[in-house]
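Participant: Mind folding the following:
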Amino acid sequence: MSRATTPPSRTRQRGSAIIEFPVLAIPFLLSLFAVLELGYSQFLHTMLDIGVDEAARQIRTGQIQAADDALGEFQTILCERVGDLMPCAELIIDVGNFTSFGGVNAFAAPDINATSFTPGGAGDIVVVRVVYPWEFNTPLMADAMAGWSGMLSSTAVFRNEPFEGPI
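Facilitator: Have a look, this model is predicted:
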């Protein structure tokens with residue numbers, strides 16, 4: 001007279017999995033999305049650095065200064081490097097020139113409403129800054145980064161080469 005029944009402890013364990021899965025899955029997925037978003041922001045930052053380095057090189061050698069539309073040429077080079085990842089219209093470009101490295105310290109924060117572009121001449125010290133607005137979307141990541149400015153930025157500081165041509 002044996003009955004084939006499931007022991008009561010197994011029945012209770014099956015029901016607990018239904019409760020435990022959402023309790024564990026939600027924090028796991030939020031953490032996973034936060035890590036993915038942080039990795040993506042670092043990827044964007046690296047792409048911005050590459051774009052700024054390539055475009056700044058054209059200023060350093062005087063090729064941008066020789067162009068008819070210097071700012072347009074700079075933006076074209078920069079936008080080709082960052083690709084479709086960052087809309088070019090959202091990039092904030094700030095280029096200033098100085099006669100000494102001491103003057104660079106007084107270079108104010110970029111104005112998010114205006115583009116400043118003065119690449120200077122041969123031998124000038126130039127600071128190239130490009131800023132891209134970025135906000136985190138993952139709920140816990142957005143809360144953790146609440147004090148962050150929300151800008152990915154890349155800066156290049158260099159002395160222009162002794163090129164010949166217009167200033």
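Participant: For my notes, confirm residue 164 occurs in a strand.
Facilitator: No - with DSSP: H, G, I helix; E, B strand; the rest coil as the criterion, residue 164 is coil rather than part of a strand.
Participant: Tell me which residues touch it, please.
Facilitator: 62, 122 (CB atoms under 8 Å, 6 or more residues apart in numbering). Bear in mind the C-beta positions are built from the backbone N, C-alpha and C, glycine included.
Participant: Could you measure from it over to residue 124?
Facilitator: 14 Å (CB to CB, to the nearest Å).
Participant: what does residue 155 give?
Facilitator: Per CB to CB, residue 155 is found 16 Å from residue 124.
Participant: How about residue 23?
Facilitator: As judged by CB to CB, residue 23 and residue 124 stand 61 Å apart.
Participant: helices and strands around the least confident helix or strand in the chain by mean pLDDT, which ones?
Facilitator: Sorted by mean pLDDT, DSSP states H and E, the helices and strands of the chain end with helix 139-144, the least confident at a mean of 74. Under the contact definition 3 or more CB pairs under 8 Å, 6 or more residues apart in numbering; DSSP states H and E, helix 139-144 sits against helix 8-60.
Participant: Figure out how far the helix it packs on is from the centre of its chain.
Facilitator: Between the centre of helix 8-60 and the centre of its chain there are 17 Å (CA atoms, centre = their mean, to the nearest Å).
Participant: The closest residue to residue 83 other than its chain neighbours - how many residues pack around it?
Facilitator: Nearest residue to residue 83, sequence neighbours excluded (CB to CB, 6 or more residues apart in numbering): residue 47, at 7.1 Å. Close neighbours of residue 47, defined as other CB atoms under 10 Å, add up to 18.
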